[in-house]
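> fold the following and give me the result.
(one chain, ligands or ions: 1)
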Amino acid sequence: LYEQPAPKTLHLGMFEIGKALGKGKFGRVYLAKERSTGFICALKVLHKSELQQGGVQKQVRREIEIQSNLRHPNVLRLYGHFHDSKRIFLVLEFAGKGELYKHLRKENRFPEWKAAQYIAQMAAALKYLHKKHVIHRDIKPENILVGIHGEIKISDFGWSVHAPNNRRQTMCGTLDYLPPEMLRSGSQDNFYNEKVDLWSLGVLTYEFLVGEAPFEDTPVMTQRRIARGDMSIPSFISPEARDLIKRLLVLDPEKRISLEEVQQHPWILKHCVKTEKASQRS
Ligand SMILES: CC(=O)N[C@H]1CCN(c2c(Cl)cnc3[nH]c(-c4cn(C)nc4C)nc23)C1
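Alright, predicted model coming up:
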């Protein structure tokens, strides 16, 4: 009996633009309110001219196509997009507690219970992405946001692709999170798969607990240390956390622990499963 609400065509006039939240490589992000509903969101503004210069139009199209179809509590929602003559606008979920890397830099490093909860949420999000054959390929603190309830949300799908993939791209930004198989240049058959995100999850776990990335060095040395898996884990890291890091930072992609095994790992279970009493109470 009730008319389905017509899918509204989005346009800039629908939004009241608030403060600038920050800037990505190719655009700025503003707090915004949709006038008719009062809905708060983050409006990412990309300038077509800059995208052309950067040769990243394809990447943005892919980011929109991939992120629009994702629905998971630990993946930042892309509600819609629209454009005018000069700009492309992405209507994104607003993450109330901002960028995770700022919290990490401020706290220097996270206590093991907090790092374990974050890694458990990352594993759940990656499991969801991989089930849809999406590889993120750019997991790092800078691409993770924190929601109002402290939950984390993977954002910035600009580098994500559908698996398997041997797309060649010019990397920019940090090398710290690159897995060894993406460093090996040359033959076209260097296909890589979802396992690249598991390597990055290992680097992320290390950085959450230690406060710096495991292979951090000069660009040349970083690549060499990644290719050799040359890293050391400080003694203040618990044996369980050490075990998980070593099972993720494995040179051979096929020998890396699976996401299911990450979720069942003693270090995760120790910090993430409510005790029997607590669950009876809640
Ligand atoms: C690459 C990129 O877009 N990075 C950031 C900029 C802000 N942006 C946000 C996006 Cl895309 C979504 N939600 C956000 N919330 C915040 C934020 C909240 N506080 C309290 N402080 C900030 C900052 N920022 C965002 C993503």
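> do you know the pLDDT at Arg168?
Arg168 is assigned a pLDDT of 54 by the prediction.
> residues in this protein within reach of the ligand, list them.
The chain has residues 21-22, 24, 29, 42, 44, 92, 94-95, 97-99, 145, 155-156 near the ligand, with proximity defined as CB under 6 Å from any ligand atom. For glycine as for every other residue, the C-beta is placed from the backbone atoms N, C-alpha and C.
> pick the one among those closest to Phe82.
Comparing those against Phe82 with CB to CB picks out Lys44 as the nearest, at 11.7 Å.
> ok, back up a step: report the lowest-confidence entry in the residues of the chain next to the ligand.
Gly24 (72).
> burial check on it, number of neighbours?
When counting by other CB atoms under 10 Å, one arrives at 15 neighbours for Gly24.
> rewinding a little: now the residues of the chain next to the ligand: which count as buried?
Leu21, Val29, Ala42, Lys44, Leu92, Phe94, Ala95, Lys97, Glu99, Leu145, Ser155, Asp156 (16 or more other CB atoms under 10 Å).
> in this protein, which helix is the longest?
helix 112-131 (DSSP state H).
> tell me what it is packed against?
Helices and strands touching helix 112-131, by 3 or more CB pairs under 8 Å, 6 or more residues apart in numbering; DSSP states H and E, are strand 152-154, helix 195-210, helix 239-248, helix 259-263, helix 266-272.
> so where's the chain uncertain?
For the chain, the stretches flagged by pLDDT under 70 are 1-7, 163-172, 185-190, 273-282.
> let's go with 50 and repeat that
The chain contains residues with pLDDT under 50 at 187-189, 282.
> how about the helices in it?
Taking DSSP H to define them, one finds helices in the chain at 48-54, 57-68, 100-107, 112-131, 180-183, 195-210, 219-228, 239-248, 259-263, 266-272, 276-281.
> give me the distance from the fifth one to the chain's centre.
In this case it means helix 180-183. Centre-to-centre, helix 180-183 and its host chain are 19 Å apart (CA atoms, centre = their mean, to the nearest Å).
> gap between the residue of the stretch 51-200 of the chain found nearest the ligand and His72?
Closest contact between the stretch 51-200 of the chain and the ligand, by CB to the nearest ligand atom, is at Gly98 (3.0 Å). Between Gly98 and His72 the distance is 20 Å, computed by CB to CB, to the nearest Å.
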